[in-house]
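J.: my questions concern the predicted model and sequence given below.
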Amino acid sequence: MLIKKPVDVRESEVTPKELFLKRREFIAAAGVTAAAVATNGLGLLGDAENVAAQNPNAQKLANLKKSPFSTDEKLNSYRDITTYNNFYEFGTGKADPGKYANSLKPRPWSVVVEGQCAKPGTYNIEDIMKWAPIEERIYRMRCVEAWSMVIPWNGYPMSEFLKRFEPTSKAKYVQFKTLVDQRQMPGQTEPALQWPYVEGLRMDEAMHPLTLVGLGLYGEVMPNQNGAPIRLVVPWKYGFKGIKSIVRVSFVENEPLNTWKQQQSSEYGFYANVNPQVDHPRWSQGSENRLGEFFRRKTLMFNGYGDQVASLYSGMDLRKFY
Amino acid sequence: MNATQKRRWVFKPIVWIACLTPLAYLIYSLYQDLGVNPIETFTNFTGIWTLRFIMITLAITPLRWLTGINQLVNYRRLIGLFAFFYGSIHFTTYVVTTFFIGGFSNFDASGLAADLTTRPYIIAGFTAFVLMIPLAVTSTAGWIRRLGGKKWNWLHRLIYITAMAAVLHYYWKVSVKLVPVNPRNYAILVAILLAFRVWRYFAKRAASEV
């Protein structure tokens, strides 16, 4: 696997969590909410500075390791990341997960591992969180709906997670499933999608160093609406590949049928690599609206991670395997 | 000043204010908070109000038949022009925020052309918008005189196509399979408003045959 050019990170670009908290206290103490509204002006410029919505009760993640894979682009705010979500288990509106995901109970939580591996079993989230040092990975996130964000994820490489179960040579793909529980996930009372949500990766994609077990963001354990307590992050693929609130991991021989492909296979495929040359039938994928910016920007092949991941797909017709 | 003129003096400003209320709300929101994706909020808001104003315009004639209040027609042009007004903002927002890449100096004309000719929901929305242009242009008394009532009436039936195209635009945009409740309600409303015309046409023909 070729890793020609690790993405550079300027650590100075990332505001430390303590500073965020201080700023939050400052805002609260000074009571300058009105000023914040005023400086937000036309409301079109986003609010990267607005971190007042950060959850003060959330468990903090300590000693986060910086990663050379992080981008130095401007972060989207905590508010952007936690109030604008596609997580149909809590409703189909973008604001629904932020409003309703408090019914999810991310502790206690266990993940069942099964299929083509030497160590299947049921694993506790508290243990899973200790299996590798948790890093900060600042990734671009490109939604298939043509908007994007920059998110400071916390987690560790998926390869560290999967290796523990010692997948056999028959394990060609890994499949993930989300929790099904109508009480915790009220959106599942509607047939918006078929439940549980299913996603999958080819083994080499899953083991790629960019692929992350997402355990938190902005230095806190994963907010419920972002897929607590454990989710998938694959930065070169459209956001819907990043399955949330995972309860089951299966090593399988055949390509899993992922939920959106099952829903509408003419629009969504298994690979779902960000690709400006292959349009969604209903809209162009050539450009994107980076939330917080007025004008669109060009969408990059593999979401800008081509140097790291293009070799995974050499010889494949990406128009056919979209 | 007769009674009808007096009524217009009272009601015209009320209708104006009502039609400007969504715009006022939008401007207010711009200075408050349009949410995490302001462009989407702005576009959806102007889109849905275009559709609503088209519906109201279409409802005037059936309301006249049902209530016998013929003066309602005095406000139809104004409401119709507001449909066009909101539609223009909606269309302009779409063009500016989708096809200028990184700034006003970089216009992706081929991207726009491709969108307008290949994407069904864009084609439907663009059709709805373009067909409103001749209606807006010929909405003046001068144009009614020049065309003559009969021709003018025929031309302005384009609003039926606009209404159907606008609903299709909305329906296709939302999603193919995800139960699109809202667009369905608007589709039903358009169907009812157009069914009134069909019913009236046959009722009149039946009456003239007797």
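T.: Ah, there it is. Numbers count the residues shown, from 1 in each chain, chains lettered A, B, ... in the order given.

J.: report the central residue of chain B.
T.: Within chain B, the residue whose C-alpha comes closest to the C-alpha centroid is B:Ile54; the distance, by C-alpha atoms, centre = their mean, is 3.2 Å.

J.: ok so that residue is a helix residue?
T.: Yes: the assignment for B:Ile54 is a helix, going by DSSP: H, G, I helix; E, B strand; the rest coil.

J.: where does it land on pLDDT?
T.: B:Ile54 carries a pLDDT score of 97 in this model.

J.: ok, the nearest residue to it once chain neighbours are set aside to chain A distance?
T.: Distances taken as C-beta to C-beta, 6 or more residues apart in numbering or on different chains put B:Ala83 closest to B:Ile54, at 4.8 Å, once the chain neighbours are dropped. All C-beta spots, glycine's among them, are computed from the backbone N, C-alpha and C. Per C-beta to the nearest C-beta, to the nearest Å, B:Ala83 is found 25 Å from chain A.

J.: ok, and what's touching the helix or strand that contains B:Ala83?
T.: With elements taken from DSSP states H and E, the one containing B:Ala83 is helix B:76-99. The list of residues contacting helix B:76-99 from outside it, by C-beta atoms under 8 Å, 6 or more residues apart in numbering or on different chains, reads A:287, A:289, A:294-296, B:12, B:15-16, B:19, B:22-23, B:39, B:42-43, B:46-47, B:49-50, B:53-54, B:56-57, B:60-61, B:107-109, B:111-112, B:115, B:125-126, B:128-129, B:132-133, B:135-136, B:139, B:159.

J.: buried ones in the next helix or strand after that helix?
T.: Sequence-wise, the next helix or strand beyond helix B:76-99 is helix B:109-118, with elements assigned using DSSP H and E. Judged by neighbour count using 16 or more other C-beta atoms under 10 Å in any protein chain shown, the buried positions of helix B:109-118 are B:111-112, B:115.

J.: so what's the spatially most central residue of chain A up against?
T.: In chain A, the C-alpha closest to the average C-alpha coordinate belongs to A:Val233, at a distance of 4.1 Å (C-alpha atoms, centre = their mean). For A:Val233, the contact set (C-beta under 8 Å, 6+ apart) comprises A:137, A:139, A:153, A:155, A:211-214, A:242.

J.: go with 6 Å
T.: A:153, A:212, A:214, A:242 (C-beta atoms under 6 Å, 6 or more residues apart in numbering or on different chains).

J.: so it bridges to which residues?
T.: Taking DSSP bridges, one obtains A:Leu212 as the residues bridged to A:Val233.

J.: how far away is it from A:Gly214?
T.: Relative to A:Gly214, A:Val233 is positioned 4 Å away (criterion: C-beta to C-beta, to the nearest Å).

J.: pLDDT wise, what is residue 132 at?
T.: In the absence of a named chain, this looks at chain A. Confidence per residue is given as pLDDT, and for A:Ala132 that number is 97.

J.: oops, chain B please
T.: For B:Met132, the pLDDT comes out at 97.

J.: ok, now the one 3 residues further on?
T.: For B:Leu135, the model assigns a pLDDT of 96.

J.: then B:Gly148?
T.: Among the per-residue scores, B:Gly148 holds a pLDDT of 91.

J.: neighbours of the residue in chain B that chain A sits nearest to, how many?
T.: Residue nearest to chain A within chain B (C-beta to the nearest C-beta): B:Val36, separated by 3.8 Å. Here the count is done by other C-beta atoms under 10 Å in any protein chain shown, and B:Val36 has 25 residues near it.

J.: report the secondary structure state of it.
T.: Reduced to three states by three-state DSSP, B:Val36 is coil.
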